[in-house]
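Colleague: Please find the sequence and the predicted model below.
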Amino acid sequence: MILDLLRHGETELGGGLRGSLDDALTEHGWAQMRQAVDAAGPWDVLVSSPLQRCGLFADELGARLGLPVQREAGVRELHFGEWEGRSAAQIMQTQADALGQFWNDPYAFTPPGGEPVLAFAERVLNSIRRLAGEYAGQRVLLVTHGGVMRLLLAQARGMPRAQLLQVEVAHAALVRLHVALDGQLHEAC
């Protein structure tokens with residue numbers, strides 16, 4: 001399966017850890033995503049996170065391309081618990097040590113009340129393996145989140161788990177992976 005990953009654009013409530021918060025896109029965010037896919041494709045299948053910052057754009061694109069959109073709960077963003085909606089600067093004011101531990105090794109430290117990155121990784125990778133089996137040989141566009149893309153790119157690049165947050169993924173970034181039937185990921189050049 002050829003898997004194109006598209007991160008959502010800028011959201012109304014701005015930066016910080018958005019996680020499971022269901023923010024809407026700004027007009028600029030819509031424009032970022034439209035521009036990202038303008039010369040891309042074609043795709044056989046559109047899949048999206050259920051959160052509106054991904055799903056509403058996927059619906060618009062699907063209507064334009066005449067393709068149905070499949071919602072995939074497994075590719076939602078990491079849930080950040082008590083840190084949801086807060087910026088790194090805000091968290092630093094009261095939990096600097098905890099934030100440092102998370103940045104240094106997100107697999108080894110879970111934000112208070114949040115989803116462990118190991119569980120997040122298992123959820124995302126299980127979804128990708130299932131999609132690879134279902135859409136073998138097809139081109140799939142997955143509209144998703146920065147954390148999902150960081151995870152998949154880190155896996156494809158063979159990076160150590162502690163370096164997960166070193167993977168850069170801008171708003172409306174579009175990258176291509178090749179996914180083998182066994183779920184092995186390879187970044188396209």
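Modeller: It's in. Residues are numbered from 1 along each chain as shown.
Colleague: for residue 134, phi and psi?
Modeller: Backbone geometry at residue 134, expressed as degrees, to the nearest 10, gives phi -70, psi -30.
Colleague: Compute the first-to-last residue distance for stretch 37-50.
Modeller: 19 Å (CA to CA, to the nearest Å).
Colleague: Neighbours of residue 82, how many?
Modeller: Neighbour count of residue 82, defined by other CB atoms under 10 Å: 14. In this view, the C-beta of every residue, glycine as well, is placed from N, C-alpha and C.
Colleague: and if you look at residue 91?
Modeller: Using other CB under 10 Å, residue 91 has 20 other residues around it.
Colleague: where do the helices sit along the protein?
Modeller: Ranges of helices within the chain are 27-37, 52-65, 88-104, 117-134, 146-157, based on DSSP state H.
Colleague: Could you dump the ones you listed into JSON lines and include mean pLDDT and distance to residue 9?
Modeller: Formatted as JSON lines, these follow (pLDDT from 0 to 100; distance: least, CB to CB, whole Å):
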{"stretch": "helix 27-37", "mean pLDDT": "98", "distance to residue 9": "3"}
{"stretch": "helix 52-65", "mean pLDDT": "98", "distance to residue 9": "8"}
{"stretch": "helix 88-104", "mean pLDDT": "95", "distance to residue 9": "20"}
{"stretch": "helix 117-134", "mean pLDDT": "96", "distance to residue 9": "20"}
{"stretch": "helix 146-157", "mean pLDDT": "97", "distance to residue 9": "11"}
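Colleague: For residue 18, find the nearest of the ones you listed.
Modeller: helix 52-65 (7.8 Å; CB to CB).
Colleague: Using PDB, list the CA coordinates for the closest one.
Modeller: Listed in PDB are the C-alpha atoms of helix 52-65, where the atom choice follows Å, rounded to 0.1, in the frame of the first residue of the first chain:
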ATOM      1  CA  GLN A  52     -13.100  17.500  12.800                       C
ATOM      2  CA  ARG A  53      -9.700  19.200  12.000                       C
ATOM      3  CA  CYS A  54      -9.000  16.100   9.800                       C
ATOM      4  CA  GLY A  55     -12.400  14.700   9.000                       C
ATOM      5  CA  LEU A  56     -14.100  17.800   7.600                       C
ATOM      6  CA  PHE A  57     -11.300  18.400   5.100                       C
ATOM      7  CA  ALA A  58     -11.300  14.800   4.100                       C
ATOM      8  CA  ASP A  59     -15.100  15.000   3.500                       C
ATOM      9  CA  GLU A  60     -14.500  18.100   1.300                       C
ATOM     10  CA  LEU A  61     -11.700  16.400  -0.600                       C
ATOM     11  CA  GLY A  62     -13.700  13.200  -1.000                       C
ATOM     12  CA  ALA A  63     -16.700  15.100  -2.400                       C
ATOM     13  CA  ARG A  64     -14.400  16.800  -4.900                       C
ATOM     14  CA  LEU A  65     -12.700  13.500  -5.900                       C
END
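Colleague: Okay then, goodbye and thanks.
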